[in-house]
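# Just the structure for this:
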Amino acid sequence: MIDKQSIIDTSQSKELHFLLTLLREENRFEEIISLKEIDWNHFLELVKHHRVCPLIYIRLKDTPDAVPPHVIEALFQEYKKNTFKMLQLTGEMETLDKVFNENNIEILFLKGPPVADDLFGDISLRMSKDLDILVREEELEKAERILLSLGYEREEISTVLNEIKWHRHHIVYYHPKKKIQVEIHWRLHPRPMKGASFEELWSRKRESQVTKHPIFFMGTEDLLLFLISHGARHGWFRLRWLKDIDQMVRTKDINYVHFKQLAIKHHHQHLVGQALQLAALFFQTPAHEELHHIVSKKRANQLAEKALPYIKEMVQLHVHSQSKNVKKSYRSYLFSIKTRRQKCEFLVISFYPNSLDRHTFRLPKNLYFLYFLLRPFLWSWRNIKK
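Take a look at the predicted model:
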């Protein structure tokens, strides 16, 4: 298992320690750490980076004597902004669901207000910036036509030989007037990572209580596995994702036998082990006895160790301005979380042409098939130029 000392071995440990103490609701922070030693500006940076402003505000709002007023005010502003955003997303979610139903398209909401309500009992306590909707792949074009008719605009994607279906698992749409972003998914994860089919998820769906109109989202075990796999793909660089896992384990009635079967079926055991090791480290999250064997695996420990720097150093893995070393490290991490078979599939998929090949060497559309032969050379040329 991970050495617990490893999370408090940096110069920024006091602020991180305080943040973790607040997120572990059973702890009394006054007895654990001297607040006079806290760098409050850095603490606010941590809270915003890890997207846990609402939870921290609720914990600190009644302690005006212990925390500087400007800190409480900054957290309140973030809490208020998120509350308005979640109410807006809830209204839009209900509207979209009705329109999709009228067009005979069944949809599942993957995150957003239903998950916030399910985990915390209050949509304002979990931060979300968009709506994630899962549809059947064969209904993807129909779903897009509906969004476009409602005023949404599709992100500009340069495509060659429809490689989107191979290299991606969702498309982003944005409503310029409402300032709402919607992601339409046709898979839970990008290839070659495996996940349950729409039909499987639909058969185990739950109805959310956040709207009067019935809104459907994933069953408990499906949701837990999805949140784990999603967090793992992002290197767990936000503590919010681990807090979700901690909250589910502590508050939901989980069928761990079924959950373990799902993890094995979709080859996510090592990701489950990684997530529960990290959750135990940061939030003292208990692991059910059914999962002890998975959690204790050496590979789970190795993957947890790989994610630690992303969490402690506030790394923004998806920001384009990241250094080459960070990008290289993240690519290596993503490769390491794949199974052997997935690594082989990934290498095969990597030979499928993409828009970079077209920008490197332009061919007329009727000769696009030649990119399959040219891709290794074009990839090598790009790396030589770098």
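
# Name the helix or strand of this protein that has the lowest mean pLDDT.
Lowest on mean pLDDT, DSSP states H and E among the helices and strands of the chain sits helix 164-167, with a mean of 64.

# The strand or helix carrying Leu19 - contacts with which helices or strands?
Here Leu19 is covered by helix 13-23, with elements defined by DSSP states H and E. The helices and strands touching helix 13-23, judged by 3 or more Cβ pairs under 8 Å, 6 or more residues apart in numbering; DSSP states H and E, are helix 40-49, helix 53-60, helix 239-251, helix 269-283. No exception for glycine: its C-beta is placed from N, CA and C like everyone else's.

# Can you show me the CA trace of the last one as PDB?
Listed next in PDB are the C-alpha coordinates belonging to helix 269-283 (Å, rounded to 0.1, in the frame of the first residue of the first chain):
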ATOM      1  CA  GLN A 269      -9.900  -4.300 -11.600                       C
ATOM      2  CA  HIS A 270      -6.600  -2.500 -11.500                       C
ATOM      3  CA  LEU A 271      -8.400   0.900 -11.800                       C
ATOM      4  CA  VAL A 272     -10.700   0.000  -9.000                       C
ATOM      5  CA  GLY A 273      -7.700  -1.000  -6.900                       C
ATOM      6  CA  GLN A 274      -5.900   2.300  -7.800                       C
ATOM      7  CA  ALA A 275      -9.000   4.400  -6.900                       C
ATOM      8  CA  LEU A 276      -9.600   2.700  -3.600                       C
ATOM      9  CA  GLN A 277      -6.000   2.900  -2.600                       C
ATOM     10  CA  LEU A 278      -6.000   6.700  -3.300                       C
ATOM     11  CA  ALA A 279      -9.300   7.200  -1.600                       C
ATOM     12  CA  ALA A 280      -8.100   5.400   1.500                       C
ATOM     13  CA  LEU A 281      -4.900   7.500   1.500                       C
ATOM     14  CA  PHE A 282      -6.600  10.900   1.100                       C
ATOM     15  CA  PHE A 283     -10.000  10.300   2.700                       C
END
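
# C-terminal to it, what's the next element?
helix 292-295.

# what comes up buried for that next one?
By neighbour count, and taking 16 or more other Cβ atoms under 10 Å as the criterion, the buried residues in helix 292-295 are 294-295.

# just how off-centre is it within its chain?
The chain centroid and the centroid of helix 292-295 are separated by 23 Å under Cα atoms, centre = their mean, to the nearest Å.

# Quick one: mean pLDDT over that helix.
Per-residue pLDDT values over helix 292-295 give a mean of 95.

# could you dump it to CSV, C-alpha only?
What follows is helix 292-295, C-alpha atoms only, in CSV (Å, rounded to 0.1, in the frame of the first residue of the first chain):
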residue,chain,number,x,y,z
HIS,A,292,-9.6,-6.5,-0.7
HIS,A,293,-7.9,-8.8,-3.1
ILE,A,294,-8.2,-6.2,-5.9
VAL,A,295,-7.0,-3.3,-3.7
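
# other SSEs contacting that helix?
Counting by 3+ Cβ pairs under 8 Å, 6+ apart, the packing neighbours recorded for helix 292-295 are helix 269-283.

# tilt between whichever helix or strand Asn301 is part of and helix 269-283?
With the criterion set as DSSP H and E, the secondary-structure element containing Asn301 is helix 298-312. Comparing the axes of helix 298-312 and helix 269-283 via axes from the mean of the first three to the mean of the last three Cα atoms, to 10 degrees yields an angle of 50 degrees.

# buried residues in whichever helix or strand comes after helix 298-312?
Note on helix 298-312: by DSSP H and E, the next helix or strand toward the C-terminus is helix 324-336. By neighbour count on 16+ other Cβ under 10 Å, the buried set for helix 324-336 is 326, 329-330, 333-334.

# do stretch 102-118 as well
Result for stretch 102-118 [16+ other Cβ under 10 Å]: buried residues 105-118.

# want to try a markdown table for those, with secondary structure, distance to Asp130 and pLDDT as columns?
Putting those into a markdown table (DSSP: H, G, I helix; E, B strand; the rest coil; distance: Cβ to Cβ, whole Å; pLDDT from 0 to 100) gives the following:
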| residue | secondary structure | distance to Asp130 | pLDDT |
| --- | --- | --- | --- |
| Ile105 | coil | 19 | 97 |
| Glu106 | coil | 20 | 97 |
| Ile107 | coil | 15 | 97 |
| Leu108 | strand | 15 | 98 |
| Phe109 | strand | 11 | 98 |
| Leu110 | coil | 10 | 97 |
| Lys111 | coil | 8 | 93 |
| Gly112 | helix | 7 | 95 |
| Pro113 | helix | 11 | 97 |
| Pro114 | helix | 14 | 97 |
| Val115 | helix | 13 | 97 |
| Ala116 | helix | 13 | 97 |
| Asp117 | helix | 17 | 97 |
| Asp118 | helix | 18 | 97 |
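
# Domain-wise, how is the chain divided?
The record's domain parsing of the chain by automatic domain parsing lists 84-218, 220-340, 353-385.

# helices and strands around the longest helix along the chain, which ones?
The longest helix of the chain (DSSP state H) is helix 69-102. Helices and strands in packing contact with helix 69-102 are listed as helix 40-49, helix 53-60, helix 112-120, strand 130-134, helix 140-149, strand 180-185, strand 215-217; criterion 3+ Cβ pairs under 8 Å, 6+ apart.

# Distance from the chain centre to the fourth one, please.
Translated: strand 130-134. Mean-position distance between strand 130-134 and its chain equals 12 Å (Cα atoms, centre = their mean).

# contact partners of it?
Where contact means Cβ atoms under 8 Å, 6 or more residues apart in numbering, the residues beyond strand 130-134 that reach it are 89, 92-93, 96, 107-112, 143, 170, 172, 180-186, 188, 198, 201.

# Among those, the buried ones, what's the ChimeraX command?
Of these, the buried ones go into a single ChimeraX selection, burial set by 16+ other Cβ under 10 Å:
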select :89,92,93,96,107,108,109,110,111,112,143,170,172,180,181,182,183,184,185,186,188,198,201
